[in-house]
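>>> need a structure here:
(chains A, B, C, D, E, F, G and H)
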There are 8 protein chains.
Amino acid sequence: MTPAKMDWERVKRTGLPEAVYGEGKSLSQLAAILADAAETGRRLLVTRLTPERFQALPEELKVRLDYDEESRTAILGEAVIASHGIVTIVTAGLADMPVAGEVARTLAFSGVEARCVADVGVAGLWRLMDSLSEIREAEVVIAVAGMEGALFSVLAGLVAAPIIAVPTSVGRGVTEGGHVALHSALGSCAPGLLTVNIDNGFGAAQAALRILQRGRM
Amino acid sequence: MTPAKMDWERVKRTGLPEAVYGEGKSLSQLAAILADAAETGRRLLVTRLTPERFQALPEELKVRLDYDEESRTAILGEAVIASHGIVTIVTAGLADMPVAGEVARTLAFSGVEARCVADVGVAGLWRLMDSLSEIREAEVVIAVAGMEGALFSVLAGLVAAPIIAVPTSVGRGVTEGGHVALHSALGSCAPGLLTVNIDNGFGAAQAALRILQRGRM
Amino acid sequence: MTPAKMDWERVKRTGLPEAVYGEGKSLSQLAAILADAAETGRRLLVTRLTPERFQALPEELKVRLDYDEESRTAILGEAVIASHGIVTIVTAGLADMPVAGEVARTLAFSGVEARCVADVGVAGLWRLMDSLSEIREAEVVIAVAGMEGALFSVLAGLVAAPIIAVPTSVGRGVTEGGHVALHSALGSCAPGLLTVNIDNGFGAAQAALRILQRGRM
Amino acid sequence: MTPAKMDWERVKRTGLPEAVYGEGKSLSQLAAILADAAETGRRLLVTRLTPERFQALPEELKVRLDYDEESRTAILGEAVIASHGIVTIVTAGLADMPVAGEVARTLAFSGVEARCVADVGVAGLWRLMDSLSEIREAEVVIAVAGMEGALFSVLAGLVAAPIIAVPTSVGRGVTEGGHVALHSALGSCAPGLLTVNIDNGFGAAQAALRILQRGRM
Amino acid sequence: MTPAKMDWERVKRTGLPEAVYGEGKSLSQLAAILADAAETGRRLLVTRLTPERFQALPEELKVRLDYDEESRTAILGEAVIASHGIVTIVTAGLADMPVAGEVARTLAFSGVEARCVADVGVAGLWRLMDSLSEIREAEVVIAVAGMEGALFSVLAGLVAAPIIAVPTSVGRGVTEGGHVALHSALGSCAPGLLTVNIDNGFGAAQAALRILQRGRM
Amino acid sequence: MTPAKMDWERVKRTGLPEAVYGEGKSLSQLAAILADAAETGRRLLVTRLTPERFQALPEELKVRLDYDEESRTAILGEAVIASHGIVTIVTAGLADMPVAGEVARTLAFSGVEARCVADVGVAGLWRLMDSLSEIREAEVVIAVAGMEGALFSVLAGLVAAPIIAVPTSVGRGVTEGGHVALHSALGSCAPGLLTVNIDNGFGAAQAALRILQRGRM
Amino acid sequence: MTPAKMDWERVKRTGLPEAVYGEGKSLSQLAAILADAAETGRRLLVTRLTPERFQALPEELKVRLDYDEESRTAILGEAVIASHGIVTIVTAGLADMPVAGEVARTLAFSGVEARCVADVGVAGLWRLMDSLSEIREAEVVIAVAGMEGALFSVLAGLVAAPIIAVPTSVGRGVTEGGHVALHSALGSCAPGLLTVNIDNGFGAAQAALRILQRGRM
Amino acid sequence: MTPAKMDWERVKRTGLPEAVYGEGKSLSQLAAILADAAETGRRLLVTRLTPERFQALPEELKVRLDYDEESRTAILGEAVIASHGIVTIVTAGLADMPVAGEVARTLAFSGVEARCVADVGVAGLWRLMDSLSEIREAEVVIAVAGMEGALFSVLAGLVAAPIIAVPTSVGRGVTEGGHVALHSALGSCAPGLLTVNIDNGFGAAQAALRILQRGRM
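Numbers count the residues shown, from 1 in each chain, chains lettered A, B, ... in the order given. Coordinates of the predicted model:
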């Protein structure tokens, strides 16, 4: 088994803590990384860890992990408290909640508690309009939507804060896999909308942290 | 030169008059079709006829044609008067106007005068909201938009009439060619949105005519 | 668990009742939506509900649902009676029947009983021709076909009514997934053909309802 | 200038004469090939030779060539007379005629005179039905169509002869470039339909010659 | 359950017997079709019938079927004897054998016994060369290959008979799914190569039958 | 000519001034927008304005415009002075400079003067390393690269500031059009990288302005 | 069961021993090939052999095979000793190790022992830099990376040896399947980078062997 | 005008001299790079320089350049003499010669004179077979082919030397742009074939130089 080369210095270089992507690694590699971090007293975030894979980890590791099933994330180590600013997560539908959860948990790992405005897709525009003044208080807005991703353009035209689109793989027929939502975000007619990869809640949170810590490092 | 087989009986079968697609035919084929129609007293609509190609037609044909440069359409024969109902064309941006023009001219050829609500893309949502009550009077709504096509979903969630999306090839980068707008229309989260091919203003108008004449044939 | 924001006002805005897409929601979310609707006496249509997922719902919900396995739809609430007009569903092959079923059930939920002309793909053209006079009685025609979707063009050239193509994911090799059938519908040489997303029987039915209720709201 | 290695023995190996694809070669390479063939008394077919490129050839070569502008083909050498059987070319629209012309000229070069049934696309089905008994006399049918290519399936269901689909690049929006017509041919529900590359009239004719000469070599 | 509309007259129209595609139909639909054919004394070919699905058919049907696992085909009815000519199937690798089997069984159903030259991919060119004289005796050649499909071009340059390429879904990475093999066949530099859909052994056999019966109907 | 509906209130809603995309509008539409802005004393940025189109504008407009050929942008109105923070633009090659220029000009229009570190693609890694300490002073980094876009990942691993990737259409063969650079940015293994559409220097600058103005509105 | 035509002469023609791709062959075909090789005393490498398939082989074969689970390879026959030169395998992440293992095992089968520098993706550039002098000792470098494949360009700019990129299918969202890594390798701005198919560790090793044996045959 | 950062140290790092890609740079940028190199006595290779662009360079530069129109390359500085080994370029058709020319000129710039075996596509296999013994003398083989690229697999099965495929953009219909040739090379069933980007003769030559200089640095 090839041991991982963890990038523990990343936090110094980029202000962002090391994290572990849970897919594509064998369970024993994952356990070794976690055991090593636990032993050396390091905090660690694991993403894309299915319930089945979490259950299969050694008991002594599981008890030390804070695991969340919806977002499929595990956190090793104490909670940190920080207050960088307000991040608001806006989702188009219920099926987008796991990705929104990954955003929230990644932010929480770095001490940022996010608000969530859920299920406000634009086919029923009043739902979004009802929450607009709350959304406008955010310092960073993270919009999570699949299918045709029309939420991104409408929202970016209504708020002044930095706004990050997270297209999700929620869809069917031509929108299956999330590529239409992604392209809608990238090709939006609204000014200054930023985008990350499909389902990449972790990346959106990391980008938000970069923005929030601007001027603080 | 191969002569065309015109489908003059189409109006009996489908209620829709024969028309001629101006691209992909030689000028002499086009002139022959028009001359034959003129001689036999038939009305005819020509679409996708560039100004250069129109100018190159024989003088005696040109004087008999009502040509419109923005929509690139020519009409042979008298105007007809009809009143099937209200069709409203809604466009996202100025660059979508040529396609909207093709819709309007095709409807006009069949005696339906369309209204147009232009330049109301959702990045500036108030523009659409200001026109909403006018749009809601329509019996058929035709929405014309390129880029990410977010207009389609917002509009379909706000009106009760049959609504037809015409994605346009207006776009750049990932939205170049109109495929994202098309997929946004097809994959919309709004209920009962209908779609035609990219830039196909003619087809949308024909479909609107089918809807308007329902119960009249 | 994030609660859903149901759009119960949709029927006022668009004339179309709220419905629930059964995929991508957890069983508990689905059950909560249904329980809430049942309690408040609302009718509800659930689509894309697999037999396995239906079976896993709480017993007290299941007994109140009218479930149809072929179309994978469930209806909560009393049947309604209405008579908007004749809708005829035309299918190319047996494998297209589940999608045709979704069309029929969605229409039935709104009180419209559809006719079905099944298995009349154009490779055996006489099958379609035998049913043509029946199809021509329809006020709206919904054509359901996968593979190369040649049925759409042939049918649209033969009927005068509004016609909606529902491409299905039936196919293999280059036609796998339904994209060729979709593109054949969009790029058809027949005039005024309208299209919805692949397998989107629900959307086609909603669009038909918009057309049927034209002039009635 | 690199000289070409002509495959003059091909006719012995495959029964098909050598030909020259006119695109992608410099004019001087083309002229050298033709001059060499003329000198050694060989017959030669040149395809995809635009009028501009033909005009730019040396005068002494041009006078020896039988050039056809619609099909963009040139023939060097005497006409041959043969009678392998009846080939019928069926086209969907006028814009498909240049490709049909390439089929006819390639057949003519090998002494086979083809019949042509033009402009019988299935949106006006009666046009095809009127010509059906004539088409059924053919020993090989070559169907030429662009856009959604629905002609291929309808025709293959109606005739017993070997049938070769030539998808053309005629189309717009989703059908631009001919890929939908190609996929419709490949994915057809009709049995035993064969296909060649987009716009490849030459290849279809060569295949027809292989079929016609079966049992004769 | 919707009953199938079998096209029993197809053999009169096209010389090709009706067959049933085994995927996408429910087991009860399949059983009904077979029972009806058995009762009325009709012969029938079923393709794409997995061993699991075959096993699940009613016993009284299974005993009447000649089932072949490799090609996943079942034949109902007596063997027929015919002698239309020699068809030779040439395959690139072992993984192409199931598709080659579908070709052979479809031909056998119509009384044509095919030869098979297996595992002669061009990376080891001598294997093909050793069999060349045998292949040249064929009246129709059917080449079956996946991956990059180089066999098609090499073979078409060496034989004079009509040649049909059947690209298979054998491949990995860029060649996964068979699209590269398909495009290599369509875009081949060899003259007169014909192509069918990916894995469509049935279609290739039907096309070969059309060629073999030329002049006989 | 349809008049434009300018979104002059956008600056209030989003803090971003209205701008005009120069492509897809007729010259007369463009001139009318500019004349209207000039008359009412409004500042305006025009992007994607080719030198040819700029030259064709009325003289009285041209003298009032500050036009930059490399970035194809024109500015109407006085320069503004502001100091939101340091933005550094990093480019991979010379061919990326026009897009970098669009970033710089858009920022300048809002009073932000950007630094530029040019021609530091990672194939010659020392070029980037030499500039690293300068880049690390930035509050926002905008990386501009085409081809395979490897610069994005390397840079995002080295800096802590918010970082926006602008993939450019610079490339050939598989990288033609910029889609590989775009996908490399989206799929980067480096944490917290944000992306805009291909060649969308304007959008990247708008996003940077959103970040810079955070906490100031 | 069709017997395989093994290319035992390949080693004479190309210097590369025959090997067997384990997917797409039935277990009995695989067992027959192995039994034949064992009987005739031939060495053989089997790739893409899953643990499940290996376990299902006959016991008498299994005991003779050296099976490696991570790389999914089996070797029949004695180890050979050779010393062609130094090959160094460089991987971006842990998930790339199975493909790196296929490279190493294929080289080992031909007597070349490879070095491996693992988990040095460019998001943490120092990891690569720390190993650079070791990598520069190689006579052939094989770089293995998925996702956006930025490692390829950085590495090719730093080493002088022949360098072969093996893109892996490691990725998610836009990078799923390995196509972005593949295109990054092909479109790299670094000079003289060579590429093989996605996950094709076997092919990269074969190419390295061709290079190492240059001048020795 | 942004000045270029030339990588003059590349030759030390990688053994490969710096070169300039002629597309995407302004003429003045190109002239500045060349003038600077000329002044400092450096040799330089310019690729993708069209005749029109070459003609438009300043006279004093043009006289110092050795320009080749077919390969669109210019060389500044004296010829160098070296003898690394034999490289043989094999091309499928005449239309591939410009890319083959780019290979040859890039090699010549580094003192390697290449042999060329032209116009030996596999549709006429004897042409390749006639040259095989000559090709087998090469230490590196570079195969240049467009369309379906079948040459790559056949050749790689016949020679033992390292072999590099250069797919070209020569093609039409499905093979237009060179992607099928590229995928045929990547997905080849022949062992150890290496690939570069479409039309990338420069890259193939650089890779060959890396191989030839192995063991010499």
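>>> can you tell me if stretch A:113-129 touches chain F.
No. Applying C-beta under 8 Å from any C-beta of the partner chain, one finds stretch A:113-129 separated from chain F by no less than 13.7 Å. In short, each C-beta sits where N, CA and C put it, glycine included.
>>> And that stretch, end to end?
End-to-end span of stretch A:113-129 (C-alpha to C-alpha, to the nearest Å): 23 Å.
>>> so which residue of chain A comes closest to chain D?
Closest residue of chain A to chain D, C-beta to the nearest C-beta: A:V174 (11.0 Å).
>>> from what I can see that residue touches C:N197, true?
Yes. When contacts are counted by C-beta atoms under 8 Å, A:V174 is listed as touching C:N197 (5.8 Å).
>>> quick one, which of these two is more surrounded?
Shown here are A:V174 and C:N197; by other C-beta atoms under 10 Å in any protein chain shown, C:N197 has more neighbours (28 against 25).
>>> show me the contacts for the more buried one.
For C:N197, the contact set (C-beta atoms under 8 Å, 6 or more residues apart in numbering or on different chains) comprises A:172-175, B:186-187, C:182, C:203.
>>> Identify those among those residues that sit within helices.
Among the contacts of C:N197, DSSP state H puts B:186, C:182, C:203 in helices.
>>> pLDDT score assigned to the residue nearest to the first one when sequence neighbours are not counted?
So the one you mean is B:L186. Nearest non-adjacent residue to B:L186, counting by C-beta to C-beta, 6 or more residues apart in numbering or on different chains: C:N197, 4.4 Å away. pLDDT recorded at C:N197 is 98.
>>> Check A:M217 too.
Looking at A:M217, its pLDDT is 41.
>>> Could you do A:K5 as well?
Looking at A:K5, its pLDDT is 78.
>>> among the ones in helices among the contacts of C:N197, who's most crowded?
Neighbour max across the ones in helices among the contacts of C:N197 (other C-beta under 10 Å) = C:L182, 30 neighbours.
>>> Hmm, C:T195 and that residue touching each other?
Yes. Using C-beta under 8 Å, C:L182 is in contact with C:T195, at 6.9 Å.
>>> For those two, list the residues in contact with both.
Taking C-beta under 8 Å, 6+ apart as the criterion, C:L182 and C:T195 both touch B:186, C:167.
>>> which residues are in contact with both of A:V174 and C:N197?
Taking C-beta under 8 Å, 6+ apart as the criterion, A:V174 and C:N197 both touch B:186-187, C:182.
>>> so who does A:L44 touch?
Per C-beta under 8 Å, 6+ apart, neighbours of A:L44: A:18-20, A:33-34, A:37, A:75-77.
>>> Adding neighbour count, pLDDT and distance to chain E, write the residues you listed out as JSON lines.
Output for the contacts of A:L44, formatted as JSON lines (neighbours: other C-beta atoms under 10 Å in any protein chain shown; pLDDT from 0 to 100; distance: C-beta to the nearest C-beta, whole Å):
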{"residue": "A:E18", "neighbour count": "18", "pLDDT": "79", "distance to chain E": "31"}
{"residue": "A:A19", "neighbour count": "21", "pLDDT": "90", "distance to chain E": "29"}
{"residue": "A:V20", "neighbour count": "21", "pLDDT": "92", "distance to chain E": "27"}
{"residue": "A:I33", "neighbour count": "20", "pLDDT": "93", "distance to chain E": "29"}
{"residue": "A:L34", "neighbour count": "23", "pLDDT": "95", "distance to chain E": "33"}
{"residue": "A:A37", "neighbour count": "21", "pLDDT": "92", "distance to chain E": "35"}
{"residue": "A:I75", "neighbour count": "20", "pLDDT": "96", "distance to chain E": "37"}
{"residue": "A:L76", "neighbour count": "20", "pLDDT": "95", "distance to chain E": "36"}
{"residue": "A:G77", "neighbour count": "17", "pLDDT": "91", "distance to chain E": "40"}
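>>> Strands - which of those residues land there?
By the criterion of DSSP state E, membership of the contacts of A:L44 in strands covers A:19-20, A:75-76.
>>> sorry, back to before: which of the contacts of A:L44 sits closest to H:V112?
Comparing the contacts of A:L44 against H:V112 with C-beta to C-beta places A:E18 closest, at 46.9 Å.
>>> do you know how far the closest one is from C:R105?
Using C-beta to C-beta, to the nearest Å, A:E18 is found at 51 Å from C:R105.
>>> which residues touch the residue of chain A found nearest chain E?
As assessed by C-beta to the nearest C-beta, chain E sits closest to A:G177 within chain A, at 15.5 Å. The contact partners of A:G177, by C-beta under 8 Å, 6+ apart, come to A:169, A:171, A:198.
>>> ok, how many other residues are close to A:T91?
With neighbours defined by other C-beta under 10 Å, the count for A:T91 comes to 28.
>>> Hmm, A:A118 and it touching each other?
Yes. If you go by C-beta under 8 Å, A:T91 and A:A118 touch, sitting 4.9 Å apart.
>>> Need the residues touching each of these two.
By C-beta under 8 Å, 6+ apart, A:T91 and A:A118 have these common neighbours: A:97, A:100.
>>> so which residue of chain A comes closest to chain H?
Nearest to chain H, among the residues of chain A, is A:H179, at 19.1 Å (C-beta to the nearest C-beta).
>>> Once you drop chain neighbours, what's closest to that residue?
Among residues not flanking A:H179 along the chain, A:I198 sits closest, at 7.3 Å (C-beta to C-beta, 6+ apart).
>>> quick one: secondary structure of the one you found?
coil (DSSP: H, G, I helix; E, B strand; the rest coil).
>>> now do A:V112
Following three-state DSSP, the label given to A:V112 is coil.
>>> Need the pLDDT of it.
94.
>>> centre of the chain versus stretch A:35-44, how much separation?
Averaging C-alpha positions (C-alpha atoms, centre = their mean, to the nearest Å) puts stretch A:35-44 22 Å from its chain's average.
>>> Kindly apply the preceding question to stretch A:37-46 instead.
Offset of stretch A:37-46 from its chain centre (C-alpha atoms, centre = their mean): 20 Å.
>>> picking up where we left off before, wait, which of the ones in helices among the contacts of C:N197 is closest to E:E139?
When these are compared for distance to E:E139 (C-beta to C-beta), C:L182 wins out at 39.4 Å.
>>> Now do the same contact list for the closest one.
Contacts here follow C-beta under 8 Å, 6+ apart; on that basis C:L182 touches A:173-174, B:186, C:149, C:167, C:195, C:197-198.
>>> okay if I get these as JSON lines plus distance to H:S26?
Formatted as JSON lines, the contacts of C:L182 follow (distance: C-beta to C-beta, whole Å):
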{"residue": "A:G173", "distance to H:S26": "45"}
{"residue": "A:V174", "distance to H:S26": "41"}
{"residue": "B:L186", "distance to H:S26": "42"}
{"residue": "C:G149", "distance to H:S26": "49"}
{"residue": "C:P167", "distance to H:S26": "48"}
{"residue": "C:T195", "distance to H:S26": "46"}
{"residue": "C:N197", "distance to H:S26": "46"}
{"residue": "C:I198", "distance to H:S26": "47"}
